[in-house]
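J.: What follows is a predicted structure for the sequence shown.
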Amino acid sequence: QVQLVESGGGLVQAGGSLRLSCAASGSAFSIDTIGWYRQAPGKQRELVAVISSGGSTNYADSVKGRFTISRDNAKNTVYLQMNSLTPEDTAVYYCNADWFHLVLLTNHRSWGQGTQVTVSS
């Protein structure tokens, strides 16, 4: 099993920045697509940004131009740089990874426990 541990959430004023990190750990795995989702109170969980093993990225329209996703394959870590934050970005941010078990030859999906991001006006 792959465990995902997020860090970097917190409270920031509108217009500020935060950087989220998500580190994957386990054994005999290879991560394919990894990225971030968020869920605000009373709303459904939504995609924020994802990045493939080849480096292709996909962003929600609401964060394009403000957020940047990147990954360090050597560290099995994905980052989300969030700039020009607005109160509408307030949510719990979850890391998500699609990964392949190198021994069992099976595909899996894991979620992190979530990290709170609060943007004050």
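T.: Nice, thanks for sending it over.

J.: quick one: low-confidence parts of the chain?
T.: Counting by pLDDT under 70, the chain contains no low-confidence segment.

J.: repeat that with 90
T.: The chain contains residues with pLDDT under 90 at 1, 27.

J.: For the most centrally placed residue in it, which non-adjacent residue is closest in space?
T.: With distances taken as CA atoms, centre = their mean, the residue of the chain nearest its centroid is Trp36 (2.6 Å). In space, and not counting its chain neighbours, Trp36 is closest to Val48: 4.3 Å by CB to CB, 6 or more residues apart in numbering. Heads up, the C-betas are built off the backbone N, CA and C, glycines and all.

J.: ok, Met86 - how many residues close by?
T.: If you look again at residue 86, you'll see it is Thr, not Met. By the criterion of other CB atoms under 10 Å, Thr86 has 13 neighbours.

J.: which residues does it contact?
T.: Counting by CB atoms under 8 Å, 6 or more residues apart in numbering, Thr86 touches 14, 119.

J.: what does Trp36 give?
T.: Contacts were defined as CB under 8 Å, 6+ apart; by that measure Trp36 touches 20, 22, 47-50, 69, 78, 80, 93-96.
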